[in-house]
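Enquirer: Have a look; sequence and predicted model below, questions after that.
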Amino acid sequence: MALEAELSAVLRALTAAASQSAAELKPAEAQLRQWETQPGFYTVLLRLAADQSVPVNVRWMAVLYFKNGVDLYWRKTARNCIPETERPEIRTRLLNCLNEPVNQVATQVAVLIARVARFDCPREWPELLPSLVTAARADEPLPSHRALLTLHHVVKTLASKRLTADRRVFQELTSALLPPLLAAWQQLHAAALAAPADARLHLERARLALKTLRRLTVHGCRRPHESADAQTLLTALFERCRQALELRRALADAGQSPTLAEKYAVLHTKVLADTLETHPISFVPLIQPTLEFCAVHVFTERGAGLLFERFTVGCLNLIKAILLCHEYRPPKDDGTPREPETLEAHRIKMAFFGSQPLEQMCRHLVTEFFPLTSDDLAAWDADPEGFVGEEGGEAWRFSLRPCTQCLFVALFRQFQAQLAPVLLDMLRRTLATPPSPELAQALAREAVYSAVGMAAWDLYDEVDFDGWLQSGLLQELTIREPNYRVVRRRVIWLIGRWVGVKLSASLRPQVYSAVTELLQHEEDLVVRLAAAQTLKDAVDDFEFCPETFMPFLPVCFGQLFRLLQEAHECDTKMQVLNVLSFVIDRLDSGIRPYCDELISYLPSLWNDSAAHNMLRVVILSTLIHLVQGLGPDSVRLYGLLTPVIALSTDLTSDAHVYLMKDGLALWQAAVENAPQMHPDFMELYGQLLPLFELGTETLQTAFGISQAYLLLSPEPFLARHGAALAAACRSLLPEMKPEGEVMVLRLVESALRAAPETAVRLFSPLLPFTVEAVHAGQAFPMVMSMHLSLLARLLLVAPTVLSQLLAAEAAERSCTEADVFNRLLEVWLDKMALVTPVERRKLLALALCSLLPAGSAPVTQHFNPLLLNVVETLHDVARPDDGADSLVVSGPEQLADDAEPEYETAHDARRRALTATDPVHRQSLKEVLQARLSELLASVGERRYQELVAEVDVETAQQLRQYVSL
């Protein structure tokens, strides 16, 4: 495109694209998309972006289009890439944009230059970094700031490249960039200190310089302790940070905004934290000064007036990171050699954390940081649910109290012997003071209880929690003064922390009673939520006894349901639903009389949560536990279950990404607990077949659901969906891994057992795959076991179908049917010893016995190994006392597992009933063998029969005579 001719046209299109009118916006976007592949378009965009007479929003739009175009067309291998002849001019014009006065446009230009640098720097744009460094050290603030901003984005982009060659290039660039940038940072820092009134002009640039130095040091230095410039930077951080804190205080005292100085001070701690995380060995010389700097400012009077929350969090997280660093852990006693740096780091750490500093830090954390502040109490009153939610997740990274709690736990875990006496002394002093409704005393008491709860496992041998619970804690829960709510909440939380650590079974009813009291509607909402969490901890404990909890169940369940209704926040509803799910899960069928209200409420909750997929995940989990608890009575839920399952597993719905896994689990639980096939379930199955293509994440559950359908209503299910299911299985088999093949073959076997005639007809297109696999004889043992089982089933229920399969295979291989059968029998007899379990081996033995009466050539040729495999199976199934077949049962009740299942479903009963009708459990192998040998004798005559028996080796014949007459 001709630049001058098209400049005004592009300007008009960009102006329209930046407008709010849809009538102008759509045609303009279409026109710009048409131009973006034409030569010269991006040069025009850049000229417009640099023209300060053009409106700011249009210039900003021009930069955005250029930035997106770089992603699509700057790569030389891209289709319609930007011409090579145009690029030098573009790069030159980009460097001329460093005087951009508008911050938003300047930021986008910096990002644009970084995108180009990702492809071209340093090989095709070697002048970029030297030009930026020179401009960064200029005296004029605007070009210097823009150069530092651009340099920051360029270094950030180059540091993100992870190929070995790219990292090597970045390390070379770092060695050239560090010295001048370090000098620029020191100069800007000094200028900010020298003129506090104009500090803003220098602080922003110093901050940008330090952010760039941070990435250069962390990602560009292979070993920062071997780089003199990196060491100069890291060792200077402590003094520079202290000066930044002083500057912040001076700015605040002068009535100026301290925000920029705060960000600058926090950045110093981030440089140290990133270096520690990425280069722990290089950080070893910095451990001592880092610990001293953080401890002095946070835990002594020297930090008074200097600290603010974000900086304090950064310091405390640095201490915790040093404590938990794997490379600094003490050497083990197993003789494993340790690096000298590791031993030195451990020595420094242990020397710093002596008894006195540890005690001082512990007491300071508990007394100064743990107590709730006036802001916390205001947040408690204004938004109770939000106040509870602030304490979870990754809050320790950004919030002061979670950060201090994490540091306390880390200290206690590593120095339990030194800190346990300190905490116990604080607890004794607290308990010596009678409970008081005065706020300050209540807050101090709550802080100590919080520390004892966090250190519960480490205080197992130190605290008589049973005695404390009876003599004090339960009484404190009855104090209803308004200010004492903070203690009630902490006490019930403390009980939840100790219930899985050290609590006698005889005291659990008292805990349940206390929880019930605190769940009442009149109680403070934050306290009620803490009580609900404690109930979950108690129910989820290994020693939980359902019988002990049953007297409290009606009241507790009703209170939890009311709490669920009264909660407004999605996270709170998720928390309460989670507690309800645990109660339902642990009490199983005992929950049935108390579910009516919850069942009636869940449909409206599901409808109201359309925008909150994570809440719906919890609802699905609750429904799963409800279905399992209700068992056959879950038919009451079908009106809700069917649409919920349909939505959760609908591939056309965006929600399926979040809900699929739990939706399938709910589907399986519903079908397994169904007393009979429901029309809605039959209709719903059509939605399952497309999920077979999603891979192993859903495949196992999808096959589990199909198995449940097969056992629930074999003939109607196969008549409705059998053909589609068989087609899906046939398409899956050739591409599946062995474990997937086993799932498909087990499903086919289940169909052959549940509805033999229908299954043989429907799955006949899949059966040649089994014949081919056995003929090849190369499958994994478990897969071969399933293939042989299918052949055995066919021999027993549809021998003519097997004969047709052999004929088809023979025609394909241009051989006789006898040749194919002979090969199958060879593989069968060779692999049978690898088949497990014994029930499956007996199935194969029964099928082998069925071959005997015909006396065909392949059978007589393998007469000896055939009888050998059968007699070995007889040894496995015969009882040692009377020789009877141990697998033969008179009814399903004899097939109950020795190990009691997690919960009993109707599906389990159906599976046992089907198994009880299987030939493996109905026919005695010894009797079948005797009968088939007699039939063979009648078929081939005495003489031929004796010839066959004579071919059996002596040992096998002796073993056979223990069971049958030859």
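Expert: Right, received. Where do you want to start? Residues are numbered from 1 along each chain as shown.

Enquirer: where's residue 291, which helix or strand?
Expert: helix 287-299 (DSSP states H and E).

Enquirer: Below-threshold pLDDT in this protein: ranges please.
Expert: 1-5, 331-338, 391-394, 695-696, 896-903 (pLDDT under 70).

Enquirer: Now with 50, please.
Expert: 1-3, 898-900 (pLDDT under 50).

Enquirer: Could you point out the longest helix of this protein?
Expert: Counting residues, the longest helix in the chain under DSSP state H turns out to be helix 164-194.

Enquirer: List the buried residues of the helix or strand where residue 602 lies.
Expert: Using DSSP H and E, residue 602 sits within helix 596-608. Using 16 or more other CB atoms under 10 Å as the test for burial, helix 596-608 gives 598-599, 602, 605-606. For the C-beta atoms, the positions are set from N, CA and C on the backbone; glycine is no exception.

Enquirer: Now that helix - C-alpha only, CSV.
Expert: Extracted in CSV, the C-alpha atoms of helix 596-608 (Å, rounded to 0.1, in the frame of the first residue of the first chain):
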residue,chain,number,x,y,z
ASP,A,596,-36.2,-34.3,53.0
GLU,A,597,-35.5,-30.6,53.5
LEU,A,598,-32.1,-30.8,51.8
ILE,A,599,-33.6,-32.7,48.8
SER,A,600,-36.3,-30.1,48.4
TYR,A,601,-33.7,-27.3,48.6
LEU,A,602,-31.1,-28.6,46.2
PRO,A,603,-33.0,-27.9,43.0
SER,A,604,-33.4,-24.2,43.7
LEU,A,605,-29.7,-24.0,44.8
TRP,A,606,-28.7,-25.7,41.6
ASN,A,607,-30.7,-23.2,39.5
ASP,A,608,-29.4,-20.3,41.4
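
Enquirer: Run the chain-centre distance for whichever helix or strand comes after that helix.
Expert: Per DSSP H and E, helix 596-608 leads on to helix 613-630 as the next helix or strand towards the C-terminus. The chain centroid and the centroid of helix 613-630 are separated by 19 Å under CA atoms, centre = their mean, to the nearest Å.

Enquirer: Tell me which other helices or strands helix 613-630 touches.
Expert: helix 570-587, helix 596-608, helix 638-648, helix 656-673 (3 or more CB pairs under 8 Å, 6 or more residues apart in numbering; DSSP states H and E).

Enquirer: what angle sits between the shortest one and helix 613-630?
Expert: Calculated by axes from the mean of the first three to the mean of the last three CA atoms, to 10 degrees, helix 638-648 forms an angle of 140 degrees with helix 613-630.

Enquirer: Now do helix 638-648: everything it contacts.
Expert: 599, 602-603, 606, 616, 619-620, 623, 627, 634, 653, 655-656, 659-660, 662-664, 666-667, 670, 678, 680-681, 684, 687 (CB atoms under 8 Å, 6 or more residues apart in numbering).

Enquirer: go again using 6 Å as the cut-off
Expert: 603, 659, 663, 666-667, 670, 678, 680 (CB atoms under 6 Å, 6 or more residues apart in numbering).

Enquirer: Then the last one?
Expert: Residues from elsewhere that reach helix 656-673 (CB under 6 Å, 6+ apart): 613, 616-617, 620-621, 623-624, 627-628, 631, 634, 641, 645, 648-650, 701, 704-705, 708, 905-907.

Enquirer: Contacts for the helix or strand following that helix next, please.
Expert: Past helix 656-673, further along toward the C-terminus, the next helix or strand under DSSP H and E is helix 679-684. If you take CB under 6 Å, 6+ apart as the criterion, helix 679-684 is touched by residue 642.

Enquirer: List the buried residues for helix 679-684?
Expert: Of the residues in helix 679-684, those buried (16+ other CB under 10 Å) are 681-682, 684.

Enquirer: on that earlier part again, helix or strand right after the helix holding residue 291?
Expert: According to DSSP H and E, the helix or strand after helix 287-299 is helix 309-324.

Enquirer: quick one: contacts for residue 960?
Expert: Contacts of residue 960 (CB under 6 Å, 6+ apart): residue 871.

Enquirer: Let's see that with 8 Å instead.
Expert: By CB under 8 Å, 6+ apart, the neighbours of residue 960 are 867, 871, 952, 966.

Enquirer: Quick check: the farthest pair among those?
Expert: Using CB to CB, the two most remote members of the contacts of residue 960 are 871 and 966, lying 11.1 Å apart.

Enquirer: And these two? Which one has more around it.
Expert: residue 871 (23 against 14; other CB atoms under 10 Å).

Enquirer: from the middle of its chain, how far away would the helix or strand where the more buried one lies be?
Expert: Element membership for residue 871, per DSSP H and E: helix 863-877. Averaging C-alpha positions (CA atoms, centre = their mean) puts helix 863-877 49 Å from its chain's average.

Enquirer: just the strands in the protein please.
Expert: In the chain, no segments count as strands under DSSP state E.

Enquirer: domain ranges for it?
Expert: As recorded under the TED database, the domains making up the chain are 592-683, 841-888+923-965.

Enquirer: how about the ones you listed in a markdown table, adding distance to residue 490?
Expert: Converted to a markdown table, those look like this (distance: least, CB to CB, whole Å):
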| stretch | distance to residue 490 |
| --- | --- |
| domain 592-683 | 26 |
| domain 841-888+923-965 | 60 |
